[in-house]
Structure formats: C-alpha cells, structure tokens
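1. Provided below are the primary sequence and the corresponding predicted coordinates.
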Amino acid sequence: MIPMAILSKMGKYGIEFEHEGVSVKVEVEVLDSAELISSWIIDRLKRRLQEEEPIIVGLDLHASKNRWGNCSANSLLVICINDVNCLIVQLKYVDKIPENLKKFLSDGRICFVGVSVDWKLSRGVLPSLGPLVCKMTELSHLAARIRKKPSYCNSNLKALAAAYEVPYEPPALWGCCGGRRINYEARVFSKEEVKALVRDAYVCYKIGQKSVEALYQETQESAGNKTTQGTQ
C-alpha cells in the first residue's frame, strides 16, 4: 500500500484548454482514495459556495468494453467544478465511496450537466452512486430552454460548443491514443489520455456556466428595467 503522504502528491496532471484565445491550464487529479476524493471536494466546493453566481458542474462517465465490444459498467466519473480544476474518480478501484462525494452529487444548489446522460447512465454505475448521478441534466436540454431554441434539443456537444463559441478540440485522442483505445480500467493514464478523458466534461461546464450566467444577467437587467419604469 502506498502511504497517504506519497499518494496525495501523485495523480496530478497539468493540461491546457483554449478559452477566448488564451491557453488555460487545468489541474486534473486522478484519484482512487476515498480520503483524497473527499478532501478534493471539500476544498473546491467550499470556494464555489462562497461565490454568488450559480454553481455549474460538468460531469461525464466512461465505461470499459467487455470481450464482445459492448460497454460494461462505468469505470470513471469525471467532475469539472470550475475553470481550472477537474477530478477523475476511478470507480473500479476506489476503496469506498466517500460520504462527501454522495452529498456533493445530491446538493440541490448545484446543476450537474453532461451529454448523452440517459445512455451513459444505462450502462450502470456503482449502486451507491447511481441514484445521485441520475440527477445529471442533459446539456442540450438546459441550453434549449435558456436560449428558447428547440433545435438545441437535438444538438451534439460540438454543435453546442460552436453556438456558444466555446473551443471544442477535434477528438484526435478520444477513445484512442497512438492507435490504441484508452483502457478506462487502467491504474495510470498518460497526460494525453487524461486530457481526452476530461474534455467533454470541461466543455459541458464551460457551456453550462456561460448559459446560466447569461440567464441571470438577463433576469437582473429585466428587474432593473421594471424598477426604473416604476419610479418614472
């Protein structure tokens, strides 16, 4: 067993995504320790809850394939909680599901967004997480309702990213790396694989955040106009 003092310094990756023409460094941690997962959530969520703006979190699930080529149970849970922090939980190897993760996923103040939600959930997750992860919101549905554009309901992530002017890099390493598929049950991932694993969750977070911020701004402007009219 690796001592916690050493384990806490492992599994950290620095990757870069483009945002508004600038390269943004994102710290991704790949964890299979309940203690470290719990600490990560407490630290990052505390910062987000101190902010007045709505909390959007990007989620994604990755499943391994069985010997027949069909997806089996989800092996990885990806969480992108802000512009610079993402977490990959190795569901297959985590010693136990920390209570803080369960509370985090059931927090009614947070809007969890993802793509192909129903299909990914149908593959199954750990029994203790299943009901909580089911609270994920399909990003296309959220975007369609906020922008009042029914066509968004059938849009994939690439189309939504274009509509919101959020960079969406071509999936050169998505599902494969150097000619081989990513093994979602691996204990260790390369930097290129980690970037591919968090890409969709990160883009979902960016689009969701942009959508809700615009909605709140519109609401505030509308309220301000009504106040002005009432004083005239």
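-> Cool, the structure landed.

2. What segments of the chain are strands?
-> Counting by DSSP state E, the segments of the chain that form strands are 12-19, 22-31, 55-65, 71-80, 85-90, 110-114, 137-138, 176-177, 180-181.

3. rank those by pLDDT, which is bottom?
-> Note on those: strand 176-177 shows the lowest mean pLDDT, a mean of 50.

4. Name the helix or strand of the chain that has the lowest mean pLDDT.
-> Ranked by mean pLDDT, DSSP states H and E, the weakest helix or strand in the chain is strand 176-177, scoring a mean of 50.

5. now the strands of the chain as a markdown table including mean neighbour count and distance to residue 145?
-> (Each C-beta comes from the backbone N, C-alpha and C, glycine too.) Compiled in a markdown table, these are given as follows (neighbours: other CB atoms under 10 Å; distance: least, CB to CB, whole Å):
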| stretch | mean neighbour count | distance to residue 145 |
| --- | --- | --- |
| strand 12-19 | 15 | 25 |
| strand 22-31 | 16 | 28 |
| strand 55-65 | 23 | 14 |
| strand 71-80 | 22 | 21 |
| strand 85-90 | 23 | 26 |
| strand 110-114 | 22 | 12 |
| strand 137-138 | 16 | 10 |
| strand 176-177 | 15 | 35 |
| strand 180-181 | 9 | 35 |
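
6. closest one to residue 200 among these?
-> strand 55-65 (5.1 Å; CB to CB).

7. Could you list every helix and strand in contact with that closest one?
-> Contact analysis of strand 55-65 by 3 or more CB pairs under 8 Å, 6 or more residues apart in numbering; DSSP states H and E lists strand 71-80, strand 110-114, helix 117-122, helix 191-231 as its packing neighbours.

8. Lowest average confidence across these, which one?
-> helix 117-122 - the lowest mean pLDDT of these, at a mean of 76.

9. Let me have the helices and strands packed on strand 55-65 in JSON lines, extended by distance to residue 7.
-> Shown next, in JSON lines, are these (distance: least, CB to CB, whole Å):
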{"stretch": "strand 71-80", "distance to residue 7": "18"}
{"stretch": "strand 110-114", "distance to residue 7": "27"}
{"stretch": "helix 117-122", "distance to residue 7": "28"}
{"stretch": "helix 191-231", "distance to residue 7": "17"}
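
10. Is it possible to get a markdown table of the strands of the chain that adds distance to residue 199?
-> Listed next are the strands of the chain as a markdown table, based on distance: least, CB to CB, whole Å:
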| stretch | distance to residue 199 |
| --- | --- |
| strand 12-19 | 8 |
| strand 22-31 | 10 |
| strand 55-65 | 9 |
| strand 71-80 | 9 |
| strand 85-90 | 10 |
| strand 110-114 | 12 |
| strand 137-138 | 18 |
| strand 176-177 | 13 |
| strand 180-181 | 16 |
